[in-house]
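Q: what follows is a predicted protein model with its sequence.
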Amino acid sequence: MEINNVRVYGLEESIIASGYPMKTELVKEEDFDTNTSCLKASDFKRAKKLAQTPKGSAHDQFLTGIHVDFDLTCSNKMWVEMERYRFVYFVSSQSTMHRMAKFNLEECYNEYVDKRIVDIMKELQTKYKNSKSKRDFLNLVYSNPAGFELTARLTTNYRSLKTIYSQRNNHRLPEWRKFCKWVEVLPLAKELILFEKNK
């Protein structure tokens, strides 16, 4: 499992916006100086307190404005579980439907896939390349094991990562534990995402 090309957007702006529910005056553009940090100690203190409210309480809503884009390479098994999260959006991904016959299968399977299965998959791939039959294609695609790895570009936010982290931090799949370790190093993750671990 690998994560690359990470971008985080809207961190300071969302922390400031966490104070909007208590504002009585209108927010103006000049309130945000794009050349320097606009965060005050009170903004950070408030955001930390709101972020540490229980999932589903809605007090952590500002976390949805902190966007995280990244490339994730992981197994089919992890992809099936990742798709359960409503607010992790797939931007684009590699496709077995389009490229299964072209993948270098020796490089695509993780360490847990039995070598005998890899050999069978290579045989099925060769058979399809020679026949181009629909049946041989379906045999190839449906025989592909859960340890096959693909890369996708994802976009999500800190609020979703807070949920994922709390549910997957001690997961049996090593990929999820590694993913959670990555979440831990995001900017201000300790204060805004990981508070349950810190208690």
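A: Looks like it came in fine.

Q: tell me the helix or strand right after the top helix by length along the chain.
A: Ranked by number of residues, the top helix in the chain under DSSP state H is helix 115-131. Downstream of helix 115-131, the first helix or strand assigned by DSSP states H and E is helix 134-143.

Q: okay, buried residues for that next one please.
A: Buried residues in helix 134-143, defined by neighbour count with 16 or more other CB atoms under 10 Å: Asp136, Phe137, Leu140. C-beta here means a position set from N, CA and C on the backbone, and glycine is covered the same way.

Q: check stretch 74-85 too.
A: Buried-residue list, stretch 74-85, by 16+ other CB under 10 Å: Cys74, Ser75, Lys77, Met78, Trp79, Glu81, Met82, Tyr85.

Q: can you map out the strands along the chain?
A: Along the chain, the segments classed as strands by DSSP state E run 2-9, 67-75, 89-93, 149-157.

Q: paired strands for the second one, with orientation please.
A: Right, strand 67-75. strand 2-9 (antiparallel), strand 149-157 (antiparallel) (DSSP bridges).

Q: got those as a markdown table, with mean neighbour count and mean pLDDT columns?
A: Converted to a markdown table, those look like this (neighbours: other CB atoms under 10 Å; pLDDT from 0 to 100):
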| stretch | mean neighbour count | mean pLDDT |
| --- | --- | --- |
| strand 2-9 | 12 | 98 |
| strand 149-157 | 18 | 97 |
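
Q: wait, which of these is closest to Met100?
A: strand 149-157 (10.6 Å; CB to CB).

Q: hmm, who's touching the closest one?
A: 1, 5, 63-76, 79, 82, 85, 87-94, 96, 108-110 (CB atoms under 8 Å, 6 or more residues apart in numbering).

Q: got the CA positions of it in PDB?
A: In PDB, the C-alpha atoms belonging to strand 149-157 read as follows (Å, rounded to 0.1, in the frame of the first residue of the first chain):
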ATOM      1  CA  GLU A 149      -3.200  -3.800  -6.500                       C
ATOM      2  CA  LEU A 150      -4.500  -0.700  -8.300                       C
ATOM      3  CA  THR A 151      -3.900   3.000  -8.000                       C
ATOM      4  CA  ALA A 152      -6.700   5.600  -7.800                       C
ATOM      5  CA  ARG A 153      -6.800   9.300  -7.200                       C
ATOM      6  CA  LEU A 154      -9.100  10.100  -4.200                       C
ATOM      7  CA  THR A 155     -10.500  13.200  -2.700                       C
ATOM      8  CA  THR A 156     -11.900  13.400   0.800                       C
ATOM      9  CA  ASN A 157     -11.800  15.600   3.900                       C
END
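
Q: how much space between Gln167 and Val6?
A: To Val6, Gln167 is 21 Å away according to CB to CB, to the nearest Å.

Q: endpoints of stretch 133-152, how far apart?
A: For stretch 133-152, the first-to-last residue distance is 28 Å (CA to CA, to the nearest Å).

Q: quick one: the strands paired with strand 67-75 as a markdown table, columns for distance to Met22 too.
A: Converted to a markdown table, the strands paired with strand 67-75 look like this (distance: least, CB to CB, whole Å):
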| stretch | distance to Met22 |
| --- | --- |
| strand 2-9 | 24 |
| strand 149-157 | 22 |
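
Q: since that was my last question, I'll sign off now.
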